[in-house]
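# Kindly return the folded structure for what I paste below:
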Amino acid sequence: MTDSPVIDTQSGPVRGTTQGVVQAFKGIPYGAPTSGGRRFLPPEPASAWREPLDALAFGPDAPQDRPEGSGNNAATQNNMDLPPSEDCLRLNVYTPDPAGRRPVMFWLHGGGFVSGSGSGAMYDGTRLAERGDVVVVSINHRLGALGFLHLLDLPDPHAADAVNVGMLDILLALRWVQDNVSAFGGDPNNVTIFGESGGGRKVTSLLAMPDAQSLFHKGIIQSGPAVFMNEPDAVKDLARRFFRHLGLAPDQRDLLKALQAAPVDALLAAQGKVLRELGRNAPGLAQTFAPVVDGRILPHHPFDPEAPAISTDKPVIVGYNHTEITLFMGRDPDLLELDDEGLRRRIAKIAGDDAERLIGLYRDAYPLTYPEPSNADLLALIMTGNSRYPIDSLRLAERKAAQQAAPVWLYTLTYRTPAARGSLRTPHALEIPFVFDNIDGSKRFVGSGPDADKLAECMRSAWAAFAHSGKPQSEAVPDWPAYDQSRRATMLFDAEPRVVDDFGAPERAAFGPVFYPREHQR
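All right, here's what the predicted structure looks like:
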């Protein structure tokens, strides 16, 4: 195997590197730069080239607002410190053998819809490609206001297509896969899209997008179900705030041209002010910058009031981590020790007079994972239930299963990391190093030893098996029944994985009525 392999794509030849038995091609342009007159508009394919293009290093990150100290998270090793650029429509390919014909696993990074990068260290596709016998593709695309500002209401006729352009970037990358992945040993007729957090929401949105249906065949949603997305009327105030911070009037005829001429730093500054005013999850919005149900690109909410009919033939895995919210609670001292009164006070903030009932429900709920839960354990579990990760995953599984067509599998990660003196328990993003089999580089986050090694083998093999066959069954995983509305089988991923029926019953009882119907969010 050559150390500098060259592969021909429809745009031109690319030169990669060899990482063990895997060939890696990084920073391949799949779209043209999105600056100037292309800003806020649908992407265009990258211009062709003739000489071999060096695909030796990751391409630029999408422009994004980065608070001081956020560039390299020491816990998750999710570095996002590459120079940002509006020439960010780049992708990375990891292949065991360009001469083969393997399933393709197309990764969508987290960070909501406002931050993140496909070049995070946890996302390195080398080991997943090698041990899973798959071709891994990861991408960057437009984020935040640059990718998800809704401009269809502008009087400027040139803004008629200025909506959901970040999702259109993803569609363009999926079309690139259809046109080119066979040259890298991938099968364009067997593409699995998978993602975590915001990446999971992108997967969920793609399941409801008509133009995406011929471009992929299966989906995996990790801690990121998007049951509903933003509605046009709900994002009008968001756009007005953004324009105001830029010193622009929303009714001026040349508004799109003014936005395209503005310095990107000014756009990010305005975006940052909006996020500080509203937060990432503002009332009435699924997220502050996110896909909009525009009636065309995204015709309706992804899984509300039911699963999308256009993707009934696509199998899905969906799941969440047992204490998702502990990643965001950070150094909260209550995660280590909390007395009874402190627990009641904390839970009363979200449940009011229902706090005692909620505490009692959770105290009795999880004998398998927390046989003698401490007050700190209960705080982590209840706050996670209140975060929507569990209940939205459960709702998505229910509605997918109700179609009685392609199956859906439900999981919960219950492995507890020793990081942060054990206070993090099973936080958001913990499953990523196990899925990619990258625990060696993430020991500060996931720990190490036989249990971590076994879990990596288990999750990586299940994900790869799903990519190969449409079923997450492998020798490392116990028999995992598809989800149905009577048994509600759930795979608990831990050092000793096991299937439990209706593991999410506490969340359904405690939070199902709170988060549905959708009008509660307005």
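
# Who are the packing partners of the lengthiest strand in the chain?
Longest strand in the chain, counting residues (DSSP state E): strand 186-196. Applying 3 or more C-beta pairs under 8 Å, 6 or more residues apart in numbering; DSSP states H and E, one finds that strand 186-196 makes contact with strand 102-108, helix 165-180, helix 198-207, strand 218-222, helix 450-469. All C-beta atoms are positioned from the backbone trio N, CA, C, and that covers glycine.

# Can you say which of the ones you listed is nearest to A351?
helix 198-207 (26.0 Å; C-beta to C-beta).

# Which helix or strand lies directly C-terminal to whichever helix or strand L394 is part of?
In this structure, L394 is located in helix 389-402 according to DSSP states H and E. Elements were assigned by DSSP H and E; along the chain past helix 389-402, the next helix or strand is strand 408-413.

# Now the one residue sitting closest to the centre of the chain: closest residue in space, sequence neighbours ignored.
Closest to where the C-alpha atoms of the chain average out (C-alpha atoms, centre = their mean) is G199, at 1.7 Å. Nearest residue to G199 in three dimensions, chain neighbours excluded: L108, at 3.7 Å (C-beta to C-beta, 6 or more residues apart in numbering).

# Provide a list of residues in contact with the one you found.
139, 170, 193-195, 198-200, 202-203 (C-beta atoms under 8 Å, 6 or more residues apart in numbering).

# of these, closest to V104?
Closest to V104, out of all of those and judged by C-beta to C-beta, is I193, at 9.2 Å.

# tally of neighbours for the closest one?
I193: 29 surrounding residues under other C-beta atoms under 10 Å.

# wait, it sits on I220?
Yes. The criterion here is C-beta atoms under 8 Å, and I193 meets it with I220 at 7.4 Å.

# Overlap of the contact sets of these two?
V203.

# Spell out the residue ranges of the strands in the stretch 251-400 of the chain.
Along the stretch 251-400 of the chain, counting by DSSP state E, counting those that start in this stretch, strands occupy 316-321.

# okay but L89 is in contact with P45, surely?
No. If you go by C-beta under 8 Å, L89 and P45 don't touch, sitting 9.2 Å apart.

# Comparing those two, which shows the higher neighbour count?
A count of neighbours by other C-beta under 10 Å puts L89 above the other of L89 and P45, at 29 against 16.

# quick one, phi psi at the more buried one?
Phi and psi for L89, reported as degrees, to the nearest 10, are phi -80, psi 80.

# do P84 as well
phi -80, psi 150.

# Tell me how many other residues surround it.
Count around P84 with other C-beta under 10 Å applied: 19.

# cool, and E496?
12.

# G125 too?
Neighbours of G125 using other C-beta under 10 Å come to 26.

# Contact partners for it?
G125 neighbours (C-beta under 8 Å, 6+ apart): 22, 24, 92, 94, 105, 107, 136-138, 436.

# measure it to M459 for me?
Going from G125 to M459 by C-beta to C-beta, to the nearest Å gives 15 Å.

# now R38
39 Å.

# My guess is A464 contacts R131. True?
Yes. Using C-beta under 8 Å, A464 makes contact with R131 at a distance of 7.5 Å.

# what about those two, which has more around it?
More crowded of A464 and R131, by other C-beta under 10 Å: A464, with 24 against 17.

# hang on, L215 packs against L171?
Yes. Using C-beta under 8 Å, L215 is in contact with L171, at 6.9 Å.

# coming back round to it: overlap in contacts, L89 and P45.
In terms of C-beta under 8 Å, 6+ apart, L89 and P45 are both contacted by the residues 30-32, 172.

# Is the residue nearest to G199 bridged to anything, and to what?
According to DSSP bridges, the partner residues bridging L108 are G195.

# let's number from 58 now, not from 1
Happy to do that; since the first residue is 58 now, the last one works out to L165.

# Need the pLDDT of it.
Looking at L165, its pLDDT reads 98.

# residues in contact with Y446?
Counting by C-beta under 8 Å, 6+ apart, the residues that Y446 touches are 280, 282, 377-378, 381-382, 485.

# Return the helix-or-strand element of the chain with minimal mean pLDDT as PDB; C-alpha atoms alone will do.
In the chain, the helix or strand scored least confidently by mean pLDDT, DSSP states H and E is helix 562-572, which has a mean of 81. Extracted C-alpha coordinates of helix 562-572, given in PDB (Å, rounded to 0.1, in the frame of the first residue of the first chain):
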ATOM      1  CA  ALA A 562     -40.900   4.200  31.800                       C
ATOM      2  CA  PRO A 563     -39.900   6.800  34.500                       C
ATOM      3  CA  GLU A 564     -39.300   9.400  31.800                       C
ATOM      4  CA  ARG A 565     -42.600   8.600  30.100                       C
ATOM      5  CA  ALA A 566     -44.400   8.900  33.400                       C
ATOM      6  CA  ALA A 567     -42.600  12.000  34.600                       C
ATOM      7  CA  PHE A 568     -42.000  14.100  31.500                       C
ATOM      8  CA  GLY A 569     -44.100  12.800  28.600                       C
ATOM      9  CA  PRO A 570     -47.100  15.000  29.400                       C
ATOM     10  CA  VAL A 571     -44.800  18.000  30.000                       C
ATOM     11  CA  PHE A 572     -43.100  18.100  26.600                       C
END
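
# next one: it to chain centre, how far?
Centroid separation for helix 562-572 versus its chain: 23 Å, with C-alpha atoms, centre = their mean, to the nearest Å.

# tilt between the helix holding L451 and strand 275-279?
160 degrees (axes from the mean of the first three to the mean of the last three C-alpha atoms, to 10 degrees).

# buried stuff in helix 446-459?
By neighbour count with 16 or more other C-beta atoms under 10 Å, helix 446-459 contains the buried residues 446-458.

# S505 - how many residues pack around it?
By other C-beta under 10 Å, neighbour count at S505 equals 13.

# still on that earlier bit, could you work out the most separated pair of the contacts of Y446?
For the contacts of Y446, and using C-beta to C-beta, no pair is farther apart than P282 and I382, which are 15.3 Å apart.

# Same drill for those two, tell me which one is more crowded.
When P282 and I382 are compared for neighbours, P282 comes out ahead with 25 against 22, by other C-beta under 10 Å.

# show me the contacts for the residue nearest to the centre of the chain.
G256 touches 164-167, 173, 279, 281, counting by C-beta under 8 Å, 6+ apart.

# quick revisit: just the buried subset of the shared contacts of L146 and P102, written out for PyMOL, thanks.
Remark: buried members of these, expressed as a PyMOL selection using 16+ other C-beta under 10 Å:
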select buried, resi 87+88+229
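
# and which of the shared contacts of L146 and P102 is nearest G157?
Y87 (21.7 Å).
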